[in-house]
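# 3D model of this:
(one chain, ligands or ions: 1)
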Amino acid sequence: MTNKKDEQLEAFRRDHSEDTALTTNQGLKMAEDEFSLKAGERGPTLLEDFHFREKMTHFDHERIPERIVHARGYGAHGEFEVYEDLSNYTKAKFLTDTSKKTPVFVRFSTVQGSKGSNDTVRDARGFATKFYTEEGNYDLVGNNIPVFFIQDAIKFPDLVHAIKPEPHNEIPQGGTAHDTFWDFFAQNPESTHMTMWTMSDRGLPKSFRTMEGFGVHTFRLINKEGKSHFVKFHWKPLLGTHSLVWDEAQIIAGKNSDFNREDLYESIEKGDYPEWELGLQIISEEDEFKFDFDILDPTKLWPEEEVPVKRVGKMTLNRNVDNVFAETEQVAFHPGHLVPGIDFSNDPLLQGRLFSYTDTQLSRLGGPNFHQIPINRPVCPFANNQRDGMHQSFVHKGQTSYHKNAINNNNPHTTPVEEGGFESYHEKIDAHKVRARSESFKDHYSQAKLYYNSLTQPEKEHLRDGFAFELGKCKHDFVKENAIANINKVDKDLATQIADKIGVQAPTTDEEVKSDKKSPALSMENTIKKLDTLSVAIIVTASSKEAEIKDIVQNLSDNKVNFKLVAEKAMTIGAFKVSETFDTVHSTFFDGIIVLDAKVPLLPPAKDYIEAANRHFKTIGFSKQAEAAIDATSVKKDEPGIIEIDASANNYLDALVKQRHWDRQP
Ligand code: HDD
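Sure thing, here's the model as predicted:
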């Protein structure tokens, strides 16, 4: 695969695999790189050792500040193609020309934790996409949750101070199980809706590949005639939206803190390219006030049943980075990176973001020329009169660096709108300056209730347990009580169940939203379920038969199911090399397990494999001769998803595709 971005990056790649002399940064070939220059073999190091000083100075400055939020992230390159010409809505070329493949770079992230935190924490996930279009970079800087905690960007520092580890002890890392978050939640009820999402299974994505993405804000699409439509952007994963369960997420956090990034990296290396469809929800200007929520309020979603999602294109991630620091760490996203045909709405959260993203790069990437870092460069020409600054890497020729000028024929010049120059949407504004929240932004509970109503019973229970875990860890009873009082405004039964679990007074007042309204699209039970790239651990022993393994793995492969053979220790069984062991992987890493030998549970970690798979509602297969293995555990053979497999495991695949057997829930 090569595309314009790939070609551009090629000019910056350095490959030292060929015969390469080690030099200083000035190009001086060095004869020695192991020993500093000393006064005598056993003497002190000399100040004149420029090679030592240069090497050490560079090393001392290798780290840059991590992102203030979304510090832990992982990225990949890919392409986007639009299915149909959307020029009725927008003049953005990457959304109108179906023959174009637009290079993209995507960075997924957790929000709360630091760069070294765990992948499988309970949190929202960032989903930031940079489209390198021929009209400039367009960034869609979204999350895996369609709404946000706050309505006005001026509260972002407060939110982040509350959500991050507490300042006096820097605890907790990666989650929200602490007083300041729940104090914020109770005192700032606009955060209720998003918190319902983060406490639910949505806060525990199984894979970046099985996450939805949302632009969150309402944006505008503008067509050639200057007509505007309101739009919300969605990414719909073609593998469906799937999550971990909490116990599983916690085990994985200990056994593989890189679980999500490894999954993304390896699936791209294998050629199992992750894919998402771009979805648009469109509301015409005339319909702006037709809804029972304000479309400018970022704590509100547009129910898909009321405003359908039109799938307009596909993004495929097909190339891992060459260097994580150079690309993933230095990539700088900004919701204000626009192309003609897309514009902002007056969502006050979006408006404030437009300041913050450039500002943060100045300290993170060390100055105003971060757009020149290879990963950030547009693939189209870019020129203006901005000059100098830290890390300037261009040599601008000529006498002029101002607009307008006659000396250089007024170059670089502006471009008329008809020829592709950007102009902001001509929105009419007639208003008083105020610091205020619009009346239309004041309902914080109806959509929190809509979300809760839309979940299945197991999903509701997971949500309750999420609250109980995170809130239960607070030290102050009044913080817990205030939070329960806030949840009570969504659903009294939910608040009562959580209060019972965390040992505070159940609510006595009846303040909940009275509504049965549901949006089926919000439940992950209604997502796509397919076998593609699911993974299975086949647990074998030295007495397992090659022939038996062969039929099963053939069928799994034919159905695009990944598998690993796992045993007590590394071994070979006929043509099969078993390199994974109970030490190196765990059943939590797989979507299902198959047991092929009655002796398996006699091996202590293996019994845990089977029982963990059972309590995580996964599909467990066993061969006739391994029946006794299941009998030796607490797994009940007559429960859903516990399958005595036929010769090629077809019946196992029928169960595996369901992914979880919630009806096993106690
Ligand atoms: Fe933000 C990073 C997503 C509100 C200020 N944000 C950041 C990233 C994502 C989001 C995905 C990581 C980008 C990357 O991978 O480099 N942020 C969101 C979404 C929001 C949101 C979906 C609400 C709809 N953010 C938001 C507000 C502000 C910020 C209201 C401040 C006014 N966000 C930042 C930031 C970050 C950032 C501090 C940290 C690193 C960076 O920008 O580049 O400026």
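
# how close does the closest residue to the ligand within the stretch 501-650 of the chain sit to residue 247?
Closest approach between the stretch 501-650 of the chain and the ligand, counting by C-beta to the nearest ligand atom: residue 522, at 17.7 Å. C-beta coordinates here come from the backbone N, C-alpha and C atoms, glycine included. Using C-beta to C-beta, to the nearest Å, residue 522 is found at 24 Å from residue 247.

# residue 51 now?
In terms of C-beta to C-beta, residue 51 sits 53 Å off from residue 247.

# compare neighbour counts for these two and give me the winner.
Just comparing residue 51 and residue 247: by other C-beta atoms under 10 Å the higher neighbour count belongs to residue 51, 18 against 13.

# looking at the protein, which residue is nearest the ligand?
For the chain, C-beta to the nearest ligand atom, closest residue to the ligand: residue 126, 2.7 Å.

# that residue and residue 70 touch, don't they?
Yes - using C-beta atoms under 8 Å, residue 126 is in contact with residue 70, at 4.5 Å.

# quick check: neighbours shared by the two?
Residues touching both residue 126 and residue 70 (C-beta atoms under 8 Å, 6 or more residues apart in numbering): 109-111.

# highest neighbour count among those residues?
In terms of neighbour count, residue 110 stands highest of the shared contacts of residue 126 and residue 70 at 27 neighbours, by other C-beta under 10 Å.

# the closest residue to residue 23 other than its chain neighbours - how many residues pack around it?
Nearest non-adjacent residue to residue 23, counting by C-beta to C-beta, 6 or more residues apart in numbering: residue 29, 5.2 Å away. Residue 29 has 8 neighbours, counted by other C-beta under 10 Å.

# swap in residue 489?
19.

# my guess is it meets residue 445, correct?
Yes - between residue 489 and residue 445 there is a contact under C-beta under 8 Å: 5.0 Å.

# now the end-to-end length of stretch 484-491.
This stretch, stretch 484-491, spans 10 Å end to end (C-alpha to C-alpha, to the nearest Å).

# just grab the bridge partners of residue 81 for me.
Listed by DSSP bridges, the beta-bridge partners for residue 81 are residue 314.

# OK, contacts around it?
Residue 81 sits next to 98, 100-102, 313-314 when contact means C-beta under 8 Å, 6+ apart.

# list just the nearest of these to residue 381.
residue 102 (16.6 Å; C-beta to C-beta).

# run a quick neighbour tally on that closest one.
The burial count for residue 102: 24, using other C-beta under 10 Å.

# can we start the residue count at 13 from this point?
Let's use 13 as the start, then, which means that last one is residue 114.

# give me the phi and psi angles of it.
The phi and psi torsions at residue 114 (degrees, to the nearest 10) take the values phi -90, psi 120.

# hang on, isn't residue 225 packed against residue 253?
No - Residue 225 is beyond contact range of residue 253, at 10.3 Å (criterion: C-beta under 8 Å).

# which of these two has more neighbours?
Shown here are residue 225 and residue 253; by other C-beta under 10 Å, residue 225 has more neighbours (28 against 20).

# show the pLDDT at the more buried one.
In this model, residue 225 is scored at 98, pLDDT.

# give me phi/psi at it?
Residue torsions, per degrees, to the nearest 10, at residue 225 are phi -130, psi 150.

# what's the host helix or strand of residue 246 packed up against?
Element membership for residue 246 (DSSP states H and E) is strand 240-249. If contacts are counted by 3 or more C-beta pairs under 8 Å, 6 or more residues apart in numbering; DSSP states H and E, strand 240-249 sits against strand 148-155, strand 225-226, strand 231-234, strand 287-296.

# quick one: strands adjacent to that strand?
strand 225-226 (antiparallel), strand 231-234 (antiparallel), strand 287-296 (antiparallel).

# what does whatever helix or strand comes next after it rub up against?
For strand 240-249, the following helix or strand on the C-terminal side (DSSP H and E) is helix 258-267. Residues outside helix 258-267 that contact it (C-beta under 8 Å, 6+ apart): 130-134, 216, 256, 271, 474, 477-478, 481, 598, 600-601, 624, 627-628.

# switch to 7 Å and redo it
Identification of contacts with helix 258-267 by C-beta atoms under 7 Å, 6 or more residues apart in numbering yields 130, 132-133, 216, 271, 477-478, 481, 598, 600, 624, 627-628.

# looking at the helices and strands packed on strand 240-249, which is buried most?
Among these, the stretch with the highest mean neighbour count (mean count of other C-beta atoms under 10 Å) is strand 225-226, at a mean of 24.
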